[in-house]
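Student: What follows is a protein structure lacking sequence information:
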């Protein structure tokens, strides 16, 4: 049997990590990917009629002797395996001689010279991946092969999963293909971006040495450069923003209007009601938050801008002279050694706020509504319940980990994974590892064990939950099961 580290790497490299070895983390540079709302305030919706009773269903077996591990760049250096967002499906790449193919819920797909990582629709019901035979590239949607092209780029689904789009190349020209319908050809195209309502599609294009954004086929203003990764819509789908450059000057373009010039931008974010907009700007060696067009004070660093769910409050993390602090609605909180990345967070009702403050390089505590909590050796998964009355997080105690729920400490385990509240806030679930076995923990009670639990717990209607678990049948074969359990009242 593989040792613990080998097992950890198998699932971690697949991008579906159950247990994270990352403990206390000093706030640092985050991704430039825009956030429309603090992700920790979102609540999973239950799918009506998804399951009717408790069950255990084997959905696939993963045989490491045929499993293949591609990556987006086309070499075999990175491990690869993916779960659907709804925690019900598993896909991975396999190899038969020189041919590669996908295995989706145990069913083998067509064999190709090469297959690329797949993309699930947001609801987890559809799956698409690029493939290559000879010099021809295809999109394979739900097992059906689309038209072949000279090259392809990663596909994108609309939020409802009904439409998908991708970049395709014919000769020296690129275009966006939407559900099989080819768009206008350009010198180059960026990745397509859907609006939240799925009715608009935007992407950047290269035209005669300039770049422009195309929205539903309409060309907007041309600039020297457009940051393709910066294009996104407001939550109500009525506003569009992106970063552009002209004559070596960078600026925000919001609602097709140029903003002020700064040396750089990051953390672009709309408020949930779409009426407000904020970003971090660079001026010389200083950074500042710009909120609704108004400049905040300059600091050495500014990061993680976040609006409250009711859009009335805004917060960010700042650093000055090596000390970090939270700024809420323009008011500076106490200074600390650091503020953990991904915090602060607001409660769903917007009345509460929490963040992880670091007292030195190894310890810290959670600050809830301005009140510091108990000191621990590490933290992760800070989350409010949907009714905003409970706050839970994972804490490190020496070599063990616990879940703290409203300051009540749970049992110590070797490692703890995802923490999930039920939509009615009455139940709390997580997976925990002890002595090489993985347990479902529901409302503090330990349930049956598996070799691994590889998804978070999903709450369904009818007092049911579901998750994906693994039993190791042999050193080479893992059996993945969809487990549905009834919550005992």
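Tutor: It's in. All values reported here derive from a predicted model rather than from experimental measurement.
Student: Flag the shaky bits of the stretch 351-489 of the chain, pLDDT-wise.
Tutor: Residue ranges of the stretch 351-489 of the chain with pLDDT under 70: 489.
Student: what's the answer for the chain, then?
Tutor: 1-50, 70-80, 489.
Student: Helices of that one, start to end?
Tutor: For the chain, the helices defined by DSSP state H cover 4-12.
Student: Hmm, residue 300 is touching residue 317, no?
Tutor: No: if you go by Cβ atoms under 8 Å, residue 300 and residue 317 don't touch, sitting 11.6 Å apart. Where C-beta positions appear, they are placed from N, C-alpha and C, glycine not excepted.
Student: So for the two, which residue has more residues nearby?
Tutor: In terms of neighbours (other Cβ atoms under 10 Å), residue 317 is the more surrounded of residue 300 and residue 317; the figures are 27 against 14.
Student: Spatially, what comes nearest to the residue of the chain positioned farthest from its centre if we skip its sequence neighbours?
Tutor: Farthest-out residue of the chain from its mean C-alpha position, per Cα atoms, centre = their mean: residue 208, at 35.3 Å. Distances taken as Cβ to Cβ, 6 or more residues apart in numbering put residue 187 closest to residue 208, at 7.9 Å, once the chain neighbours are dropped.
Student: contacting residues around the one you found?
Tutor: For residue 187, the contacting residues are 172, 173, 174, 205, 206, 207, 208, by Cβ atoms under 8 Å, 6 or more residues apart in numbering.
Student: and the second one, how many neighbours does it have?
Tutor: For residue 173, the neighbour count with other Cβ under 10 Å is 14.
Student: Quick check, it in contact with residue 184.
Tutor: No: contact criterion Cβ under 8 Å: residue 173 and residue 184 do not qualify, at 9.5 Å.
Student: For residue 99, name its beta-bridge partners.
Tutor: The partner list for residue 99 in beta bridges (DSSP bridges) reads residue 96.
Student: try the one 5 residues further on
Tutor: In this structure, residue 104 has beta-bridge partners residue 91, residue 107, where bridges are defined by DSSP bridges.
Student: now swap in residue 450 and tell me
Tutor: Residue 450 has the following beta-bridge partners by DSSP bridges: residue 438.
Student: Can you tell me how far it is from residue 277?
Tutor: Separation of residue 450 from residue 277 (Cβ to Cβ, to the nearest Å) stands at 45 Å.
Student: same question, residue 206
Tutor: Relative to residue 277, and taking Cβ to Cβ, residue 206 is found at 27 Å.
Student: Comparing the two, which residue is more hemmed in?
Tutor: residue 277 (21 against 15).
Student: residue contacts, that one?
Tutor: 234, 239, 241, 254, 268, 269, 270, 271, 292.
Student: please redo it, this time with the cut-off set to 7 Å
Tutor: 241, 254, 270, 292 (Cβ atoms under 7 Å, 6 or more residues apart in numbering).
Student: you'd agree the second one is up against residue 242?
Tutor: No: applying Cβ atoms under 7 Å as the test, residue 254 and residue 242 come out as separate, 8.5 Å apart.
Student: For the two, work out which one has more neighbours and name it.
Tutor: More crowded of residue 254 and residue 242, by other Cβ under 10 Å: residue 242, with 23 against 18.
Student: Now that one: closest residue in space that isn't a chain neighbour?
Tutor: Residue nearest to residue 242 in three dimensions, not counting chain neighbours: residue 231, with 4.3 Å by Cβ to Cβ, 6+ apart.
Student: quick one on the thing from earlier: considering the contacts of residue 277, which possesses the most neighbours?
Tutor: Ranked by neighbour count (other Cβ under 10 Å), the contacts of residue 277 have residue 270 at the top, with 24 neighbours.
Student: before we move on, back to that, out of the contacts of residue 277, which is nearest to residue 107?
Tutor: Using Cβ to Cβ, residue 270 comes nearest to residue 107 of those, at 40.3 Å.
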